[in-house]
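Visitor: generate coordinates for the sequence data below:
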Amino acid sequence: MSDLSFISSRGKRAYHTVVRPDFELYFEASKNIYHAVDNPHGTFPLNVADNNLNWPILRERLQHIAATKEIPEWVSGYTSGLGHETFRAALAEFLGNFLANRPLDPENIGVAAGATAVIELSAIILADKGDVAVFPAPAYPVYSRDIMNKAGVERYDLITHHDSAAIHRGPTLSIEHLEKAKQDIEHQGSNFKLLVVTNPDNPTGGLYTAEQLETIADWCIERKIHFIVNEIYGLVTINTTDPAIVDDYSDHHQFTSFLSLIHKKNSPYLHQWYALSKDLGISGMRVGMVYSLNQAFLTAFNNLNLPHMVSNHTQWLMENVLGDQEFMRNFLDAQHQALTKGYIIVVEILKKLAIPFVPSYGSLFIWADFSKYLVEETLAAEIEFWKTLYKNTGILLTPGIGFGHTKRGMFRIVYTCFDDEALLVAMKRIQHYLADLPTPSEIVAL
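Guide: Down below sits the predicted model:
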């Protein structure tokens with residue numbers, strides 16, 4: 001063990017704070033990745049939200065830009081803490097055309113090095129240490145670290161359901177849920193300061209409707225609670241009308257961006273988070289942003305963002321990519337088709353195994369219920385099944401721990417890490433392993 005006497009108390013907390021519980025196995029699995037020819041017995045880490053489906057298309061475009069365009073003078077110098085003006089203009093036009101379906105003002109955008117930086121800065125600026133941020137459960141586990149590590153904001157998991165069948169038509173967050181959470185938080189002597197929803201949802205792939213968002217926004221504005229909608233998966237939606245999955249849905253509503261509602265309400269309490277990491281599949285390039293009409297917030301963001309700024313070269317590259325409307329339209333069309341195909345591969349195997357799952361409208365995930373394979377509905381049994389599945393198949397899923405949900409045995413499957421052929425191999429491995437694995441109820445019956 002390292003000698004911790006040489007670091008601060010903050011350093012000690014960081015030393016003992018694991019970012020997420022599945023990272024150790026993820027990095028182990030990443031050293032032995034499956035390849036049909038070179039490593040046919042390799043592993044499939046399907047637990048981290050990487051979108052690799054159309055990286056070759058984007059990589060070719062980036063290489064072409066770098067080889068044919070002259071780098072402008074501003075790239076080598078300092079720029080605004082909110083992002084360079086030409087990049088923010090390109091980002092505003094891209095989001096206006098493809099996400100919001102309305103014009104957006106680049107002056108309302110702040111850019112930082114990835115969604116994590118944007119979330120952390122937002123928590124620091126909008127809430128005080130000890131204040132509470134509410135997340136409808138299940139929710140992305142690392143939100144806890146993003147809002148706590150530096151801002152000191154507490155996470156509250158708002159339970160709206162237990163069984164996943166309750167959310168087959170989408171998230172069930174209601175005003176009654178919010179009122180109950182507010183009462184609970186205030187009873188504990190704390191302050192309900194932030195409400196964060198992810199749309200499309202991580203991990204369920206559900207969509208909030210425009211009516212839901214407006215109702216929730218009105219409630220938050222009246223109570224002076226900052227309402228933030230994370231639309232990091234806004235352009236990775238699937239075709240729910242595809243014949244292979246059409247019967248899984250009772251309706252086929254589409255994604256509606258929060259950006260139009262922000263302008264409609266014109267409130268300092270409404271904000272949107274976005275990043276290029278999932279829709280474009282470039283997590284490693286670290287490009288995140290916030291959109292807000294709250295100018296005090298954006299000024300503070302500018303003043304605090306120096307350690308989190310996106311490299312000017314990256315901004316320049318992405319300005320050229322986003323500014324090519326025809327390329328982006330073709331890229332996103334290809335993305336939509338690839339996402340749908342990968343999603344179908346996974347759910348067809350789940351159906352054969354009679355594993356319940358939430359029909360997804362978007363994101364990179366499928367939220368599936370493996371609880372019938374647990375020896376008991378406990379966290380220990382969930383972790384044991386997760387590790388045993390990985391040991392026997394090489395398939396690493398995201399365990400339910402950290403999502404803040406009540407039901408054990410729920411796992412997240414990321415279906416965008418491998419191409420269709422490899423993904424099918426992964427799912428066949430799961431099928432073969434689980435088909436021969438008796439459930440605890442079957443063992444008792446014997």
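
Visitor: going forward, measure contacts and count neighbours with C-alpha atoms only.
Guide: OK.

Visitor: so what does the closest residue to Leu306 other than its chain neighbours have for phi and psi?
Guide: Leaving aside its sequence neighbours, Leu306 sits nearest to Gly81 (C-alpha to C-alpha, 6 or more residues apart in numbering; 6.1 Å). The phi/psi pair for Gly81 (degrees, to the nearest 10) reads phi -70, psi -10.

Visitor: pLDDT score assigned to the most centrally placed residue in the chain?
Guide: Centroid-nearest residue in the chain, with C-alpha atoms, centre = their mean: Asn202, separated by 5.0 Å. Note for Asn202: predicted pLDDT of 96.

Visitor: one step back: the residue nearest to Leu306: how many residues sit nearby?
Guide: Taking other C-alpha atoms under 10 Å as the criterion, the count of residues near Gly81 is 22.

Visitor: which residues touch it?
Guide: 110-111, 301-306, 309 (C-alpha atoms under 8 Å, 6 or more residues apart in numbering).

Visitor: tell me if Gln368 really is in a strand.
Guide: Let me fix one detail, which is that residue 368 is Ala and not Gln. Yes - membership of Ala368 in a strand is supported by DSSP: H, G, I helix; E, B strand; the rest coil.

Visitor: now Thr43: how far from Glu348?
Guide: Counting by C-alpha to C-alpha, to the nearest Å, the separation of Thr43 from Glu348 is 21 Å.

Visitor: ugh, wrong one, I meant Leu195
Guide: With distances taken as C-alpha to C-alpha, Leu195 is found 35 Å from Glu348.

Visitor: do the same with His162
Guide: The gap separating His162 from Glu348 is 24 Å, by C-alpha to C-alpha.

Visitor: how long is stretch 355-364 end to end?
Guide: Stretch 355-364 has an end-to-end distance of 19 Å (C-alpha to C-alpha).

Visitor: same question for that stretch, mean pLDDT?
Guide: On average, stretch 355-364 scores 96.

Visitor: contacting residues around it?
Guide: 49, 51, 164-165, 167-169, 200-207, 233-234, 236-240, 248-249, 254, 278, 339, 347, 350, 366-370, 414-416.

Visitor: buried sites along it?
Guide: Buried residues in stretch 355-364, defined by neighbour count with 16 or more other C-alpha atoms under 10 Å: 356-364.

Visitor: strands along this protein, start to end?
Guide: With DSSP state E, the ranges of strands along the chain come out as 44-45, 109-112, 132-137, 154-159, 192-198, 226-230, 270-275, 288-292, 365-369, 395-396, 398-399, 410-414.

Visitor: ok, which of those comes nearest Thr17?
Guide: Of all those, it is strand 154-159 that lies closest to Thr17, at 14.8 Å by C-alpha to C-alpha.

Visitor: by contact count, what packs against that closest one?
Guide: strand 132-137, helix 143-148 (3 or more C-alpha pairs under 8 Å, 6 or more residues apart in numbering; DSSP states H and E).

Visitor: can you list contacts of the last one?
Guide: Counting by C-alpha under 8 Å, 6+ apart, the neighbours of helix 143-148 from elsewhere in the structure are 19, 116-117, 119-120, 123-124, 153-155.

Visitor: at 10 Å what do you get?
Guide: Contacts to helix 143-148, defined as C-alpha atoms under 10 Å, 6 or more residues apart in numbering, come from residues 17-20, 115-124, 127, 129-130, 132-133, 135, 142, 151-156, 196, 402-403.

Visitor: any of those residues buried? List them.
Guide: Here, 16+ other C-alpha under 10 Å leaves 115-124, 127, 130, 132-133, 135, 142, 151-156, 196, 402-403 buried among those.

Visitor: name the nearest residue to Ile216, ignoring sequence neighbours.
Guide: Ile175 (6.9 Å).
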